[in-house]
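# Provided below are the primary sequence and the corresponding predicted coordinates.
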Amino acid sequence: FLTIVYYLYDPRVKPFLGALAAAQLPFFFCLKITLSNAALSGKSSPVSSIILAFSAMTLILLHAILHMYWRKVYMDPLTAIPNRQAMDERLHTLSGRFALAMVDIDHFKKFNDTYGHAEGDNVLRMVAQQLQESLGDRVYRYGGEEFVILCPNTTIEGAKILAERICAAVAERGFPHAKRQPLGKVTVSIGVASFPANGATAEDILKAADQAVYQSKHGGRNRVTSTRDLKSGQ
């Protein structure tokens with residue numbers, strides 16, 4: 001029920017819900033007449049049971065359709081974690097301070113060129129799995145080999161500590177090749193920014209985090225840089 005109420009606020013779902021509600025009106029009208037007649041006669045009617053069963057099945061079907069819609073719109077099919085659109089909508093619901101960490105897989109293009117895109121996809125899935133295991137629903141696939149971690153009500157110092165743990169966990173994790181041969185170490189570079197220190201909008205924070213990622217790459221990769229580090233010249 002709560003899922004259905006949530007989707008009532010999505011304009012893309014409203015036309016479908018309206019059509020479904022209109023289709024239900026005749027059945028509820030028949031149900032009312034049937035129940036009234038049954039009450040007057042003192043006997044139960046099998047028609048009322050049929051209508052009630054149909055209505056229940058319709059609600060179950062509606063829930064399933066909405067769930068499939070949510071997965072199609074908000075889930076990344078490759079990594080099975082929320083996508084950029086889900087992240088954008090989550091960002092615009094945040095209030096108060098928050099921090100954001102952008103995660104970029106090091107040497108990903110070289111990896112694809114060496115082992116092929118199929119193995120590159122496997123690395124994306126494995127990194128996404130590592131992030132999700134550690135952080136749950138705070139992880140989003142931003143695009144390409146980049147992921148974003150949202151940290152509501154978190155200082156930039158707290159987000160950097162969290163990012164350093166993630167950086168170490170990814171580096172320590174094994175990434176087996178299809179032939180069970182080691183690929184070498186797969187690492188990530190991370191940039192951390194915060195609101196409102198790094199801008200007035202979500203776009204500003206993402207841009208600041210991206211600049212911090214660039215500094216992590218420039219500094220040798222497999223490391224975390226915050227916007228505060230950029231200001232201090234570290």
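The structure has been received and is ready for your questions. For clarity, every value in this text was computed on a predicted model and none was experimentally measured. Numbers count the residues shown, from 1 in each chain.
# tell me the buried residues in stretch 111-128?
Phe111, Asn112, Glu119, Gly120, Asn122, Val123, Leu124, Met126, Val127, Ala128 (16 or more other C-beta atoms under 10 Å). C-beta coordinates here come from the backbone N, C-alpha and C atoms, glycine included.
# pLDDT added to these, as TSV?
Output for the buried residues of stretch 111-128, formatted as TSV (pLDDT from 0 to 100):
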residue	pLDDT
Phe111	84
Asn112	86
Glu119	86
Gly120	89
Asn122	89
Val123	91
Leu124	94
Met126	92
Val127	94
Ala128	95
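# for Gly143, state which of these is nearest.
The closest of these to Gly143 turns out to be Leu124 (C-beta to C-beta; 11.0 Å).
# figure out the helix or strand that the closest residue to that closest one other than its chain neighbours lives in.
In space, Leu124 comes closest to Thr79 once its chain neighbours are excluded; the distance is 5.7 Å by C-beta to C-beta, 6 or more residues apart in numbering. Assigned by DSSP states H and E, Thr79 falls within no helix or strand.
# with Lys160 instead?
Per DSSP H and E: helix 156-172 holds Lys160.
# just checking, what packs against that helix?
Packing partners of helix 156-172 (3 or more C-beta pairs under 8 Å, 6 or more residues apart in numbering; DSSP states H and E): strand 98-105, helix 117-135, strand 146-152, strand 188-195, strand 224-226, helix 227-232.
# could you report the neighbour count for the residue nearest to Leu124?
21 (other C-beta atoms under 10 Å).
# if I pick it, what's in contact with it?
Contact analysis of Thr79 by C-beta atoms under 8 Å, 6 or more residues apart in numbering lists Leu124, Arg125, Ala128, Gln129, Arg141.
# could you redo these as JSON lines and give each row distance to Asn153?
JSON lines is the format used below for the contacts of Thr79 (distance: C-beta to C-beta, whole Å):
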{"residue": "Leu124", "distance to Asn153": "29"}
{"residue": "Arg125", "distance to Asn153": "30"}
{"residue": "Ala128", "distance to Asn153": "24"}
{"residue": "Gln129", "distance to Asn153": "26"}
{"residue": "Arg141", "distance to Asn153": "23"}
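# which pair of those residues spans the longest distance?
Pairwise distances across these peak at 11.8 Å for Gln129 and Arg141 (criterion: C-beta to C-beta).
# and for the closest residue in space to Arg223 that isn't next to it in sequence, the neighbour number?
Nearest non-adjacent residue to Arg223, counting by C-beta to C-beta, 6+ apart: Ser216, 5.0 Å away. When neighbours are defined as other C-beta under 10 Å, Ser216 has 26 of them.
# one more: His218?
10.
# any stretches of the chain with poor pLDDT?
1-71, 176-184, 232-234 (pLDDT under 70).
# and if we set it to 90?
Within the chain, the stretches with pLDDT under 90 are 1-74, 89, 92-96, 109-120, 122, 136-137, 172-186, 229-234.
# what distance do you get for the spatially closest residue to Ala197 that is not a sequence neighbour to Val73?
Closest residue to Ala197 apart from its sequence neighbours, by C-beta to C-beta, 6+ apart: Ile156 at 6.7 Å. Taking C-beta to C-beta, to the nearest Å as the measure, Ile156 falls 31 Å from Val73.
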